[in-house]
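Trainee: here is my input; please provide its structure:
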Amino acid sequence: MENTRVYSQKKIQIFISDRRLHLVNGSKIIKTFPIAVGKPQTPTPTGTYQIINKIVNPGGILGTRWMGLDIPNGPYGIHGTFRPDSIGRAVSNGCIRMYNNNVEELFRLVRVGTTVTIGYTKA
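Mentor: This next block holds a predicted model:
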């Protein structure tokens, strides 16, 4: 069983320009995943948010997992895709897309309440 204090230090950092999502514990990167981000007409909102819900097999174009974010004017989330060719590109309506196998792994490693920071580049 995972220590709650350690678990609460897990956060997600998303870098739009790099099209990468990092799972971080404290100051250490645990995993890095390639992602797709919003297209210029519907950009991925930047800021600091939290995961507010998690859904297995959400249906439609959302792949095998959905992690909803508390971004105003949503819904926005981190989700899988049945269009793997879209990963690494700016093509979504603002959501963060991941390969299904990657989003399934991330889904297991985070919980509702996990902090998600979205920015353009690493500080």
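Trainee: give me the longest helix you can find in the chain.
Mentor: Determined from DSSP state H, the single longest helix within the chain is helix 100-109.
Trainee: what does it contact?
Mentor: 10, 12, 21, 23, 30-31, 33-34, 54, 56, 63-65, 67, 78-82, 84, 98 (CB atoms under 8 Å, 6 or more residues apart in numbering). In short, each C-beta sits where N, CA and C put it, glycine included.
Trainee: let's see which of those residues end up in strands.
Mentor: Members of the contacts of helix 100-109 lying in strands (criterion: DSSP state E): 10, 12, 21, 23, 30-31, 33-34, 54, 56, 65, 67, 78-79.
Trainee: doesn't Val24 make contact with Lys10?
Mentor: Yes - using CB atoms under 8 Å, Lys10 makes contact with Val24 at a distance of 7.0 Å.
Trainee: can you pull the residues that touch both of those two?
Mentor: Joint contacts of Lys10 and Val24 (CB under 8 Å, 6+ apart) are Ile30.
Trainee: which strand residues bridge the residue most central in space within the chain?
Mentor: Nearest to the geometric centre of the chain sits Ile78, at 3.8 Å (CA atoms, centre = their mean). Beta-bridge pairing of Ile78 under DSSP bridges involves Met67, Ile96.
Trainee: could you pull out the buried residues of stretch 92-103?
Mentor: 92, 94-100, 102-103 (16 or more other CB atoms under 10 Å).
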